[in-house]
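[1] Need a 3D model of the following:
(chains A and B)
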Amino acid sequence: MSEIRLIEIKEEILTDNKEEADKLRKKLKDRGIFLLNLMSSPGAGKTSLILRTIEQLKTKFRIGVLEADIDSTVDAEQIAAAGIPAVQIRTGGFCHLDASMVMKGLDALDLSVLDLVIIENVGNLVCPAEFDTGAVKNAMILSVPEGDDKPLKYPLMFNICDVLLVNKIDYLGLSDFRMKTLHERVRILNPRITIIETSCKTGAGIDMWSAWLAEEIKKIENEGNINDE
Amino acid sequence: MHELTVMQSILTIVLKHAAMHNVKKVHAINLLVGKLSDLEAEWMQRYFDYLSAGTVVAGARLNIEWVPAVLSCEVCQTRVEINKVNLDGIICPACAKNKFQLVSGKEYHIKNMEAE
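    Numbering: from 1, shown residues only, chains lettered A, B, ... in the order given. Here you go, the predicted model:
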């Protein structure tokens, strides 16, 4: 029997995905496209939020949507009915999207006529937090009926997002959800996160969200213009 | 269930290093994993065994060193270890402020392997 050796590896797991994601980010930046990764648990209101966002921003930006679903096309059909190009990525049982899946999905959209692409990630607060999709910004929705304890259960998701939408605030009166406690818990994990309270049903907060998104898209456009000069 | 993807990534990296060093058998792989990850050691090993069957890595033990989730105070840089089920009322023990930066807990790193 030969001798046992200790061989140094010193590599990050998921490096491959990170490299793919960086490549995709660069490619989209060069083409002036803003990619937003939207995450939440199932039923928190991702599709409703996307429909609201389209309503608000379709005159300002040319929008496309990538819909990830384990095995259905229901969401993509709703988006397409709003007159927006939508591509359904069936993950075939996979619980998250990674950068190469997003790249494949984007190939099916005509990127030359788009300014903003929204990824509706798989409904799940665990796995999508681990995989960089190549998006410029990560957004998540937490809906009031899910409870204010979710940052305690899914801290990574709250840590990696740039913006949190607390949706279904029209339910606040019916629940014991503590908004202040939620804000405090989220800020411990991520002091720089933007928190916006919304209701896709009543439309509350949607103008603030749309303004945030429009501002972020403009920032990237301006960066591109500076680089061009 | 993203264990499978993570384990596949570990296996690919380990196989690459095994080939580089003419390894005949890998006995153990030493990993650093942040406590904020939702991976469970038992499932990691089970998925890993499933994926590594028939390779030089088959049967290798995954030794996981869990890295604590640590915050650093943005004002005075004092470090505070947190437990993810208790995030309420955390303030800096030195200056009593509550603005922090997460400095560890998200690790996903392969340190080395024991092989022959």
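[2] Next, the buried residues of the helix or strand bottoming out on mean pLDDT in chain A.
    Ranked by mean pLDDT, DSSP states H and E, the weakest helix or strand in chain A is helix A:74-81, scoring a mean of 84. Neighbour-count burial for helix A:74-81 flags A:Asp75, A:Ala76, A:Gln78, A:Ile79, A:Ala80 (criterion: 16 or more other C-beta atoms under 10 Å in any protein chain shown). Placement of C-beta: from N, CA and C, glycine included.
[3] number of nearby residues for residue 110?
    Assuming you mean chain A. As a burial measure, A:Asp110 scores 9 neighbours (other C-beta atoms under 10 Å in any protein chain shown).
[4] looking at chain B here, not the other one
    So B:Ile110, with other C-beta under 10 Å, has 23 neighbours.
[5] which other residues reach stretch B:11-31?
    A:2, A:4-5, A:7, A:9, A:11, A:13, A:15-16, B:10, B:48, B:51-52, B:55-57, B:59-65, B:109-116 (C-beta atoms under 8 Å, 6 or more residues apart in numbering or on different chains).
[6] Show me what the residue positioned nearest the centre of chain B bridges to in the sheet.
    In chain B, the C-alpha nearest the mean C-alpha coordinate belongs to B:Val33, at 1.3 Å (C-alpha atoms, centre = their mean). In this structure, B:Val33 bridges to B:Trp66, B:Tyr108 when assessed by DSSP bridges.
[7] Please report how far it lies from A:Cys127.
    From B:Val33 across to A:Cys127, the span is 15 Å (C-beta to C-beta, to the nearest Å).
[8] ranges for the strands of chain A?
    A:5-12, A:34-40, A:63-69, A:86-90, A:116-120, A:137-143, A:163-167, A:194-197 (DSSP state E).
[9] Any idea which of those gets closest to A:Leu97?
    strand A:63-69 (4.8 Å; C-beta to C-beta).
[10] what are the pairing partners of the closest one, and which direction each?
    Strands that pair with strand A:63-69, judged by DSSP bridges, come out as strand A:86-90 (parallel), strand A:116-120 (parallel).
[11] and it, how far from the chain's centre?
    10 Å (C-alpha atoms, centre = their mean, to the nearest Å).
[12] for the record, mean pLDDT for that strand?
    The predicted model assigns strand A:63-69 a mean pLDDT of 91.
[13] how about the strands of chain A in CSV, adding distance to A:Lys180 and mean neighbour count?
    As requested, these are arranged in CSV below (distance: least, C-beta to C-beta, whole Å; neighbours: other C-beta atoms under 10 Å in any protein chain shown):
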stretch, distance to A:Lys180, mean neighbour count
strand A:5-12, 37, 14
strand A:34-40, 21, 26
strand A:63-69, 33, 26
strand A:86-90, 37, 20
strand A:116-120, 29, 26
strand A:137-143, 15, 25
strand A:163-167, 12, 26
strand A:194-197, 11, 18
